Structure formats: structure tokens, C-alpha cells
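In: starting from these lines, generate the structure:
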Amino acid sequence: MIFVMFSWRSSFGGEHGRFVGVVVVLAFLGYSLLGLVKFATFRTGIYDLVIFDQGVRGYANLGPPLSFVKGNWQELGSGFSLLGDHFSPILILLAPLYWIHDGPETLVVAQAALLALAVVPFWVYARRALGAGGAYALAVAYVLSWPVAEAVNFHFHEYAFVPLITAVLFERLQAGRRWHVLAAAGALLLVKEDMALFVAGFGAGLALVREWRRIGYVMLAGGAGFLCLVTYVIMPLSGAEPGRYWYYSQWGSGPAEAIGRLVSRPLMIPQVLATPDTKLWTLLLLFAPLCFTPLLSPYVLAPLVLLAERMLATDAGAAGWWGTRYHYNAAVVMALFCAAVDGGVRLRRAMGERWPGRLHLSWGVVVASAAVALVPFFALGNLFSPGWYAGGPRHAAAAEAVRRIPDGVLVEAANAVGPHLD
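Out: Residues are numbered from 1 along each chain as shown. Below you'll find the model as predicted:
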């Protein structure tokens, strides 16, 4: 990673470096403020902030990532390894931060930093393709995008790593560095087991590009194989049940049956994708602000596979997957931005001399304007509402309850109070 950053130095001379630095710092401060105010005013929750807090603390203490919140599903007071819930060994990278401050606020700030730093490789990638003006506009659009805002708003999640690694993946692809691309794909596999679908989808996209075809086949096979290995071998060793999050009962009782029905009953696919219509609204809000340009790139297959995983679910337990809230769309937002840039480049090549001179800059401004227009409707809009910074009517009572609870005792706590208990 240090070598990769060294190779970016030439892109950040003078004004460019200052601009990108300002964007990263402002994004980091804004995301941190949003998350820390929510924490201080008792608007975060045991699900999922305490779950990750307990797991990372386990790593920091040189032990397994045990969560007693997850363990309570089996037996009160027992710990359950996060590696058995989701395969996210990348969380160990956050453990040293707990040696500085041992608490959930550390995760809030770390997430803000990871999401903000994604601007750096993305700006390098966009500048090479569109020029500095278009890169400026798209960097702002990413920072203000609603999927990032909603991820910050949902306390913490391992998907915080995805935009940064995805931006590195696309930038290294653009630079023609095959081993770096494979290394970035490998890093994504350590974020969460379903990122194997993303890697496989990315490999399928690469397989459509002649000079990257072999690497594409490797990633396609590797992603699919890794998903099976993690789901049926590695995670069960940590207590996982392979069907724990199976929300596809209309498709079958397991992956093999579901794949068979997807092939044999293709007319069911649009019906499921449109039920409920929340799915369609989410897809529209993901693609419309980018003027649907990701669809012009073969690399859109990577985020499309992850979206299919969510939108083809049929059970009520998957309702959180379908909408705009929570963190799920943070897994695809950077890939959609990068595919949009690639799609724009392909369109320019196809049009040749008919391509208007500064159309890429105009397109970037449109995308940035759409992101700005959506800010009031999503979590970042709270930063501009003075009343949001005040605690709710139960704030004082919750704070007093936390103050009265002595250290080292086991208590049952409301979801919003739990993150404030040691």
C-alpha cells in the first residue's frame, strides 16, 4: 500500500494536493461529527455498535473477536466469535486503535477516516480518465453521496473498508498493475464473506476485456470458490450455521435449489425485484444520480452481483437489505462511481470526434449537483439542523442511569443505552 501511495505523488502537486486534502479532512470531520453526536446523545445502539466494539476489543486484547451480544442468542452471558457471524478478519487492523482509546467512539472515528480516505485513490482514478475538473466534481459527489451518509449514520460496520479498497482496485486496474489488482481483491475478501460475490462479479467484468481476460477468470473462479470455502468450512469452525441468513425461501431451501429456479423460472426475477417497490426506489437512487453511466461499463457487474444478493431476497427478515437506510449501499457506492467513470470513457471513445469538448466536466457537475440536492433527505442533512445536536427527552435519564451503574456488573440495557456501558 505504501508503494501504491508513492506512485500517486505526481498526481497531487500544488493545488491538486491541497484540494484533495481539504475534501478528505472536511469529510472526515463531518462524518466524525455525525457519528459522535449520535453516540453522545444516545442515538446509537447495541446492534451493531456494541457487537463490533466487543469483537475488536477481543483482538486488541490478543484474543478472539468474541461478542457477548451475539452470544446471548445461544446462551446468556456467552461469547460468540464474530468470525462465525460474518467472516471479517480485516477488523483486526482496528485493534491497535483500542490501545489508544478503548471504546465504541474509536470505531466511529475509524469509520469516518476510512470512508474519507477513499477520496484519494478515487480522485487519482477519475483525474486520469476525466481530467482534474471532472475529478473534483466526482470527489465532492462521493463525499456527499447518500450511501456514505447512511453508512456513517448507522454507527459502524465492516463495510467501512470497502470504498477505500474498491477505489484502490479500480485505480490499480487503470494503471495496469495486475498483481496490485489481485492484492486489492484479496483484501476485499477479508472484509465480509459476501464480498466474494463482488470479486467474482468483478472478475466476470474483466473477462469481457481482452487484455484482462485471464485475470478475470482467476477472480471469477477465486471469488466463487472462496465463498464456498468460507461459508461451508471456515465459518462453521467458529460456530456459524450456513443457513443463518438465508432469506430466499421463495427460491428454495438452499443455494443449489435457488440457482436452479433462477435458471428455470427467469420470469420470477423481475417480479421479485419489484416486490416491494422499495427495491426499485433504492436502485433508482443508486443509478439515477450517476446518469445511469455505470451501466456502460462491464465492471458494473461487481456491484450488480451484490445488489442482486439483496434484492432477490424474498423474506421479511431481509427488509433492511432493500432500502436506503443502514450500511448496505456503502458496499457498492464506490464501485458504481468508478464504473460510471469507466462508462463515460467508453462512451467518449465510441463517439470519437462527436464527443463535446467539456462534456465530462459538465457530467461531473451534474453528478455533484445531484448529490448536493439529496443531502437534506439523508443523514448528512442532520448536520445543518441545530435541533439535531440536542439530546432527546430521555437523554438526561439515560445519562443518569449509566452514571449509577458500577463497573464490572452484568445488567440488561435498552438498545440505545448499551453502547455507553463498559
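
In: can you map out the helices along the stretch 301-422 of the chain?
Out: Using DSSP state H, counting those that start in this stretch, the helices of the stretch 301-422 of the chain run over residues 301-311, 319-322, 330-351, 359-374, 395-404.

In: helices or strands next to the third one in the packing?
Out: I take that to be helix 330-351. Contact analysis of helix 330-351 by 3 or more CB pairs under 8 Å, 6 or more residues apart in numbering; DSSP states H and E lists helix 119-130, helix 132-144, helix 146-153, helix 162-175, helix 195-206, helix 278-287, helix 301-311, helix 359-374 as its packing neighbours. For the C-beta atoms, the positions are set from N, CA and C on the backbone; glycine is no exception.

In: and of those helices, who's closest to Leu34?
Out: Among the helices and strands packed on helix 330-351, helix 146-153 comes nearest to Leu34, with 5.2 Å by CB to CB.

In: and the angle from the closest one to helix 162-175?
Out: Helix 146-153 and helix 162-175 meet at an angle of 140 degrees, taking axes from the mean of the first three to the mean of the last three CA atoms, to 10 degrees as the criterion.

In: of all the helix elements in this structure, which one is longest?
Out: Ranked by residue count under DSSP state H, the longest helix found in the chain is helix 15-40.

In: after that one, next one along is what?
Out: Toward the C-terminus, helix 15-40 is succeeded by helix 51-60 as the next helix or strand (DSSP states H and E).

In: next one: that next one to chain centre, how far?
Out: Centroid separation between helix 51-60 and its chain, computed with CA atoms, centre = their mean, to the nearest Å, is 19 Å.

In: about what we covered before: now mean pLDDT, mean neighbour count and distance to Glu412 too, for the helices and strands packed on helix 330-351, in a markdown table please.
Out: Shown next, in a markdown table, are the helices and strands packed on helix 330-351 (pLDDT from 0 to 100; neighbours: other CB atoms under 10 Å; distance: least, CB to CB, whole Å):
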| stretch | mean pLDDT | mean neighbour count | distance to Glu412 |
| --- | --- | --- | --- |
| helix 119-130 | 96 | 24 | 42 |
| helix 132-144 | 96 | 23 | 40 |
| helix 146-153 | 98 | 25 | 26 |
| helix 162-175 | 98 | 25 | 34 |
| helix 195-206 | 98 | 25 | 35 |
| helix 278-287 | 98 | 17 | 33 |
| helix 301-311 | 98 | 22 | 32 |
| helix 359-374 | 93 | 18 | 39 |
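
In: would you turn those into CSV with distance to Ser238?
Out: Formatted as CSV, the entries for those read as follows, by distance: least, CB to CB, whole Å:
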stretch, distance to Ser238
helix 119-130, 32
helix 132-144, 34
helix 146-153, 25
helix 162-175, 22
helix 195-206, 17
helix 278-287, 31
helix 301-311, 22
helix 359-374, 39
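
In: nearest to Pro393, out of the ones you listed?
Out: Counting by CB to CB, and looking across all of the helices and strands packed on helix 330-351, nearest comes helix 146-153 at 20.7 Å.

In: what does the closest one rub up against?
Out: The set of residues external to helix 146-153 that reach it, using CB atoms under 8 Å, 6 or more residues apart in numbering, is 31, 34-35, 38, 111-112, 115, 142, 157, 159-160, 163, 285-286, 324-327, 329-330, 332-333, 371, 374-375, 377-380, 382.

In: can you check what angle separates it from helix 330-351?
Out: Between helix 146-153 and helix 330-351, the angle formed by their directions is 160 degrees, by the same axes, to 10 degrees.

In: just the CA atoms of helix 146-153, as CSV, please.
Out: Once non-C-alpha atoms are left out, helix 146-153 reads as follows in CSV (Å, rounded to 0.1, in the frame of the first residue of the first chain):
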residue,chain,number,x,y,z
TRP,A,146,-26.3,9.3,0.4
PRO,A,147,-25.0,5.7,0.7
VAL,A,148,-21.9,7.0,2.5
ALA,A,149,-24.1,9.3,4.7
GLU,A,150,-26.3,6.4,5.7
ALA,A,151,-23.3,4.2,6.5
VAL,A,152,-22.0,6.8,8.8
ASN,A,153,-25.4,7.2,10.3
